[in-house]
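Q: Sequence and predicted structure, then a few things I'm wondering about:
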Amino acid sequence: MEQSAGIQASLSGRYATALFELARDENRLDPVGQGLAAVRQALTDSADLRQLVASPLVTRRQASAAIAGVVATLGLDATTARFLAVLAENRRLGQLNAIIRDFHRLSARHRGEVAAEVVTAHPLDDGQMAALKARLKSMTGSEVAVDAHVDPAILGGLVVKLGSRQIDGSIRTKLNTLATAMKG
């Protein structure tokens with residue numbers, strides 16, 4: 001598939017492509033996308049879940065049981081639930097964030113949108129998100145699917161990755177640039 005050629009080069013991309021093609025063929029792209037967004041939010045909110053997916057010490061049985069609990073708690077659709085079970089069984093939960101990112105990129109391309117990854121220090125409200133999408137649309141000439149993350153380490157501003165371009169307007173980068181300039 002031409003649209004996923006670049007993504008398929010990585011392990012996470014191969015898993016994301018498999019899930020995308022299954023969801024597309026089952027006409028389940030929206031429920032799977034929503035389920036993965038809920039999983040990403042759960043990863044953001046729960047240090048225990050982040051530790052579970054990152055730890056190589058967690059057994060397959062423990063991972064599968066934990067994922068079954070996550071699926072039940074979040075009320076995920078059957079396709080997403082089966083996929084997460086496969087990841088747990090194959091010991092690939094450590095790739096979960098990258099798989100979710102790649103899935104959303106594939107979905108955006110499928111809808112004819114350009115995917116943008118945006119990192120902010122604080123969550124954007126609806127008005128800010130709409131303004132950002134409008135600005136990115138004017139830059140690209142296409143609808144833009146924004147995959148937003150919060151990273152307090154950037155201190156303020158935002159970092160936008162749009163294809164191979166990166167626009168870094170973070171306060172952290174500006175401070176680092178200033179510190180370098182002051183060193184002479």
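A: Structure received. Residues are numbered from 1 along each chain as shown.
Q: Please enumerate the helices of this protein.
A: Ranges of helices within the chain are 11-25, 29-45, 47-54, 60-74, 78-89, 96-110, 126-140, 171-183, based on DSSP state H.
Q: I'd like these written out as CSV, with mean neighbour count added.
A: Quick note: C-beta positions are derived from backbone N, CA and C, even for glycine. Conversion of the helices of the chain to CSV gives the following (neighbours: other CB atoms under 10 Å):
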stretch, mean neighbour count
helix 11-25, 19
helix 29-45, 17
helix 47-54, 14
helix 60-74, 15
helix 78-89, 19
helix 96-110, 22
helix 126-140, 13
helix 171-183, 11
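Q: so which of these comes closest to Arg165?
A: With distances scored as CB to CB, the stretch of the helices of the chain nearest to Arg165 is helix 126-140 (9.1 Å).
Q: Ok, which of the helices of the chain comes nearest Lys161?
A: When the helices of the chain are compared by CB to CB, helix 96-110 sits nearest Lys161, at 10.2 Å.
Q: who does the closest one touch, helix- and strand-wise?
A: Counting contacts by 3 or more CB pairs under 8 Å, 6 or more residues apart in numbering; DSSP states H and E, the secondary-structure elements packed against helix 96-110 are helix 11-25, helix 29-45, strand 114-120, strand 144-150.
Q: The first one to helix 29-45, inter-axis angle?
A: Using axes from the mean of the first three to the mean of the last three CA atoms, to 10 degrees, the inter-axis angle of helix 11-25 relative to helix 29-45 is 140 degrees.
Q: who wins for proximity to Leu158 among the helices of the chain?
A: helix 126-140 (7.8 Å).
Q: Figure out how far the closest one is from the centre of its chain.
A: Distance of helix 126-140 from the chain centroid (CA atoms, centre = their mean, to the nearest Å) equals 19 Å.
Q: which other helices and strands contact that helix?
A: Under the contact criterion of 3+ CB pairs under 8 Å, 6+ apart, the helices and strands touching helix 126-140 comprise strand 114-120, strand 144-150, strand 158-162.
Q: let's go with 6 Å and repeat that
A: In terms of contact count using 3 or more CB pairs under 6 Å, 6 or more residues apart in numbering; DSSP states H and E, helix 126-140 is assigned the packing partners strand 144-150.
Q: List the buried residues in the strand it packs on.
A: Judged by neighbour count using 16 or more other CB atoms under 10 Å, the buried positions of strand 144-150 are Val144, Ala145, Val146, Asp147.
Q: Need the contact partners of it.
A: Here strand 144-150 makes contact (CB atoms under 6 Å, 6 or more residues apart in numbering) with 104, 108, 113-120, 123, 133, 136-137.
Q: Give me the angle between that strand and helix 126-140.
A: Our comparison of strand 144-150 with helix 126-140, counting by the same axes, to 10 degrees, yields an angle of 130 degrees.
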